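Novice: coordinates only, sequence not included:
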């Protein structure tokens, strides 16, 4: 219905049931003509990414630490999906990992809740957790660094 009418949002309510449908349009890149506009994206508490248009199809991303005093040693574990970060399997449990813990490849390091589904996030490297970049219960974005693991 939304696609046919061209509406961005349709809401229907009947017999106490409410349904909301939103149509999202992905941005397109136009070739030539206009100069690219730099966009700043907050990629997490310790990193700011600046995206500059390199060509019509390939943006160039530059990352810089937000503070020169912060350690950025290690391989980042990235959020596989937007959602809510949980450091523990349940509210009364111990965290999956803490700073200084050794982890093995494939070990669960946290959970991302997305649309009531719990997605376990596994380490892609073995090493030591050097920094946890997100607080328990904080919202996260796709590909946001969650923690850093330093390989031996």
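Specialist: Received, thanks. Given the structure is predicted, the values throughout are model-derived calculations rather than measurements.
Novice: what about the strands in the chain?
Specialist: Using DSSP state E, the strands found in the chain span residues 9-14, 17-22, 39-44, 47-53, 59-65, 75-78, 83-86, 102-103, 108-114, 117-122, 127-132, 139-140, 145-150.
Novice: measure the residue nearest to residue 99 when sequence neighbours are not counted to residue 104 for me?
Specialist: Of all residues not flanking residue 99 in the chain, residue 129 sits nearest, at 5.5 Å (Cβ to Cβ, 6 or more residues apart in numbering). To be clear about C-beta, it is placed using only N, CA and C from the backbone, and glycine gets the same treatment. Residue 129 sits at a distance of 12 Å from residue 104 (criterion: Cβ to Cβ, to the nearest Å).
Novice: so which of those two has more stuff around it?
Specialist: Comparing residue 129 with residue 104 by other Cβ atoms under 10 Å, the one with more neighbours is residue 129, at 21 against 10.
Novice: okay, now the unreliable bits of this protein?
Specialist: Across the chain, the ranges flagged by pLDDT under 70 are 1-10, 20, 22-72.
Novice: can you do 50?
Specialist: For the chain, the stretches with pLDDT under 50 are 26, 28, 36-71.
Novice: contacts only, for the nearest residue in space to residue 115 that is not next to it in sequence.
Specialist: Nearest in space to residue 115, with sequence neighbours left out and distances taken as Cβ to Cβ, 6+ apart, is residue 83 at 7.7 Å. Residues near residue 83 by Cβ atoms under 8 Å, 6 or more residues apart in numbering: 112-115, 119, 139-140.
Novice: look up how far residue 11 lies from residue 83.
Specialist: The gap separating residue 83 from residue 11 is 24 Å, by Cβ to Cβ.
Novice: how about residue 117?
Specialist: As for residue 117, its distance to residue 11 is 24 Å (criterion: Cβ to Cβ).
Novice: ok, residue 87 next?
Specialist: 36 Å.
Novice: more crowded one of these two?
Specialist: Between residue 87 and residue 11, counted using other Cβ under 10 Å, the more crowded position is residue 87 (21 against 10).
Novice: thought that one was touching residue 94?
Specialist: No. Assessed by Cβ atoms under 8 Å, residue 87 is found out of contact with residue 94, at 9.4 Å.
Novice: give the contact list for the closest residue to residue 150 other than its chain neighbours.
Specialist: Distance criterion Cβ to Cβ, 6+ apart; nearest residue to residue 150, sequence neighbours excluded, is residue 74 at 4.0 Å. Residue 74 sits next to 127, 130-131, 148-151 when contact means Cβ under 8 Å, 6+ apart.
Novice: noted, bye for now.
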